[in-house]
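**Q** My questions are about this predicted structure, shown below with the sequence.
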Amino acid sequence: MAAASLTTSQYNLLPGRLRISIKSLLQSPSFAHYIATRLVKEKYIYSVTANPLTGRALIYFNPAHTCLTEIQSLISAIEQRYSIQKSTMHKSIKMSCNHPPELIKSPGTYALATGLILAGLITKCFFAGKSTLSSSPQIFSFAALATLIAGYPILRNRFETVAKKHNMNYELLLFLPTLLLLTIRESITGLSVLWLVQLTYWLGTAAQENSHKSISNLLMRKQLQAQNSPYEEKENLSPKDTEVKNNISAHKNEEKKPSSSLLTEKTIWYSLAISGINFVLTRNFMRSLAILLAGCPAAISLSKDAAMHSAVRQAAEKGVFIKQIDVLERLGDVDTVLFEHECYTGIDQLHSLGIKDIRVIKGDRTANRHAMLPDDIVKMINDLQALGKKIVMIGDGINDSPAFAASDVAIAMGRKGTAQAIETADIVIANDDPRKVAEIIYLSRYMNKVIRQNVSFATVFNIAGVALAAASLITPITAGLLLNISTLAIIMNSKCSLSGKKPF
């Protein structure tokens, strides 16, 4: 930022006093702290006040030894250093948040576009009837083309999954009968099924992205403060801490496959088998297609994801941010709580949840006190887990990383917690309220209850649909509509149940 590049409206200079506009300062509290602490270290600058609301800084300096041009050069250098540090931190934070791979890029755009096309087609059919082109065997209808485009990202991703993991999935089975629906000119039914899948994925992605963004902002502030505050102790990580941080996700994700996934796989193969046997015996293509559609486990597979995504949104509203949605499922099984420091708040709530084993691993006055080194804490956690205990660890320090990695679920306090603790934790409580621990455990248990409810409902719906289709009591179109109804019911039940309302 050279002096010549500034207009008089961008700065106001008096002897020993400069008020200057800084582009990087606007709406950036972290940069305000950064530039103020950097500039005030200069020998001939007395004080600095940086205001992120106005994007201007007030600087008092010694005019006999420095000038506007030198101050501008300092500001430019600080802006450049900040930009480099911020870029490096973003990469580190993104890795710590462990973002899941995207099924669809720009899921909101896909869901919105598909929904608008679907609404337009339904409106057109209602008022004007079917197009003459829709019955032509030589040309695809617009709805068919929209269905193919909308389903392409899912189809491509899931074929790659099958090729790499040799694992069938409900999205692939869902798309195959959707293609068959196109052959009988019922593309609107297929498009509506795909739209529900896209909508659920988008809502879940948005909820998790909001949590990741909140954690990232919290980490950014803490790391910048740790690097630039002369009064704050910096976090020096040992190689062991780094190894624990890098392996924490792999350590905790070595779990058996969820029951809903196993049920989804079984339903896929049962549907294919029943449909195939029916076709061999009856040579009735439409009946076999109806069985395939009625048995599609879309609702079963969405039972878990829909409930988890709703729970993540509920947790975020309470100031609790979750990095991985599967953490909530594990949290519902915990029966032992370890606090790093003494805590008198929220203990009664934990007892009311049936959690009796509550320990303080560092404290001053408690009968159940354990003054331990990090390795001792890890050994204690491993011993408890060998007895079948499920551990949740609550801490805020750098030395908690090994314990965080060993525990089933790790919770960090966002306000007092160090950046290292926040990075390695599974869950971050923004306002450091210990009562939130009991609240999030209760939410997790209720979420697991909703998942079981969803799976039971979806399974009964699938069995009934297959039976009706096998008896030729429903057509493929009706089976597709039932598929939409069951999927929508699961989504609404998850949303309403976890918001304190029960639709059924």
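**A** Received it, and whenever you're ready, just let me know what you need. Numbering: from 1, shown residues only.
**Q** Please make it C-alpha for all contacts and neighbour counts, starting now.
**A** Fine.
**Q** Please name the nearest non-neighbouring residue to Arg445.
**A** Gly332 (4.5 Å; Cα to Cα, 6 or more residues apart in numbering).
**Q** How many neighbouring residues does that neighbour have?
**A** 19 (other Cα atoms under 10 Å).
**Q** please renumber so the chain begins at 208
**A** In the new count, where the first residue is 208, that last one comes out as Gly539.
**Q** I'd like to check which residues are in contact with it.
**A** By Cα atoms under 8 Å, 6 or more residues apart in numbering, the residues touching Gly539 are 648-649, 651-652, 655.
**Q** Sketch out the strands for this structure, chain order is fine.
**A** 218-221, 224-228, 252-258, 263-268, 527-529, 543-546, 564-567, 598-602, 616-620, 634-636 (DSSP state E).
**Q** Reformat the ones you listed as TSV; add distance to Ser663.
**A** Formatted as TSV, the strands of the chain follow (distance: least, Cα to Cα, whole Å):
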stretch	distance to Ser663
strand 218-221	67
strand 224-228	61
strand 252-258	56
strand 263-268	60
strand 527-529	27
strand 543-546	29
strand 564-567	32
strand 598-602	29
strand 616-620	27
strand 634-636	29
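**Q** Mean pLDDT lowest where, among the ones you listed?
**A** If you rank those by mean pLDDT, strand 527-529 sits at the bottom with a mean of 83.
**Q** packing partners for that one?
**A** Applying 3 or more Cα pairs under 8 Å, 6 or more residues apart in numbering; DSSP states H and E, we find strand 527-529 packed against helix 394-435, helix 505-524, strand 634-636.
**Q** which stretch in the ones you listed has the least confidence?
**A** Among the helices and strands packed on strand 527-529, helix 394-435 scores lowest, with a mean of 61.
**Q** my guess is Ile636 meets Gly526, correct?
**A** Yes: between Ile636 and Gly526 there is a contact under Cα atoms under 8 Å: 6.2 Å.
**Q** So which of these two has more stuff around it?
**A** Taking neighbours as other Cα under 10 Å, Ile636 and Gly526 compare with Ile636 leading, 26 against 18.
**Q** Check the spacing between that one and Ala523 real quick.
**A** 9 Å (Cα to Cα, to the nearest Å).
**Q** where's Ser482 relative to Gly687, distance?
**A** Going from Ser482 to Gly687 by Cα to Cα gives 15 Å.
**Q** now swap in His240 and tell me
**A** In terms of Cα to Cα, His240 sits 58 Å off from Gly687.
**Q** These two: which is more packed in?
**A** Gly687 (25 against 21).
**Q** tell me, how many neighbours does Ala284 end up with?
**A** By other Cα under 10 Å, neighbour count at Ala284 equals 13.
**Q** same deal with Ala678?
**A** 11.
**Q** ok, the residue lying closest to Pro581 once chain neighbours are set aside - how many residues close by?
**A** Excluding the flanking residues, the one nearest Pro581 by Cα to Cα, 6+ apart is Asn606, at 6.3 Å. Neighbourhood size, Asn606 [other Cα under 10 Å]: 17.
**Q** now swap in the one 4 residues further on and tell me
**A** Ala610 has 26 neighbouring residues, counting by other Cα under 10 Å.
**Q** That one and Ala628: what is the separation?
**A** Taking Cα to Cα, one finds Ala610 at 10 Å from Ala628.
**Q** Likewise for Ser693?
**A** Ser693 sits 42 Å away from Ala628, going by Cα to Cα.
**Q** Could you check which of the two is surrounded by more residues?
**A** Ala628 (27 against 21).
**Q** I figured the more buried one was touching Asp607, is that so?
**A** Yes: Ala628 is within contact range of Asp607, at 6.8 Å (criterion: Cα under 8 Å).
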